[in-house]
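Enquirer: quick one: sequence plus predicted model below, questions after.
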Amino acid sequence: MRRARLGLAALGLTLLAGCVSDPGYAPIDPAARRYYGYSDQPNGQGGHTIRVLLPEGVSDPKSAFAHWERRAAEICGPAGYRKQLHTARRNMLMMPGYTPTGFSYEVMGDVWCNDPAAVSPAAAAPASPAAD
């Protein structure tokens with residue numbers, strides 16, 4: 001009986017994965033039952049760590065990268081940013097006795113804003129003319 005329930009659960013998750021569409025660009029908010037989207041937090045190095053999680057059923061998995069870039073641009077504004085992506089993967093759902101199935105797409109990385117006010121005075125000073 002227990003095995004039958006697990007089988008039904010796996011079948012249900014597989015069917016739901018095929019029916020899920022791109023949730024759109026929005027923050028992850030479990031209180032609002034929104035488990036996909038983006039989240040970010042300061043990384044302690046003067047930047048932010050951004051994480052994007054999209055469901056398996058999105059029409060284009062590359063949209064996870066587009067969501068990441070959009071969030072980075074929102075955080076840093078027109079000054080631009082420097083980025084370092086360190087995670088880009090397809091998460092799998094594993095259930096004993098069943099074939100693994102795709103679950104979600106995840107992109108995570110760090111972003112540092114190009115803030116002109118943060119440039120050191122030595123780097124910003126023009127070079128002195130050479131003496132003749």
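Expert: Structure's in. What do you need? What you see is a predicted model; the values in this text were computed from it and never measured.
Enquirer: how many residues are close by Ala96?
Expert: To be clear, residue 96 is Pro; Ala isn't right here. Using other CB atoms under 10 Å, Pro96 has 6 other residues around it. No exception for glycine: its C-beta is placed from N, CA and C like everyone else's.
Enquirer: try Ile50
Expert: Around Ile50 there are 25 residues (other CB under 10 Å).
Enquirer: same check on Asp29?
Expert: Counted with other CB under 10 Å, Asp29 comes out at 11.
Enquirer: the nearest residue to it once chain neighbours are set aside pairs with what?
Expert: Nearest non-adjacent residue to Asp29, counting by CB to CB, 6 or more residues apart in numbering: Gly37, 7.6 Å away. Beta-bridge partners for Gly37, by DSSP bridges, are Leu53.
Enquirer: can you check Ala88 too?
Expert: Beta bridges link Ala88 to Val107, judged by DSSP bridges.
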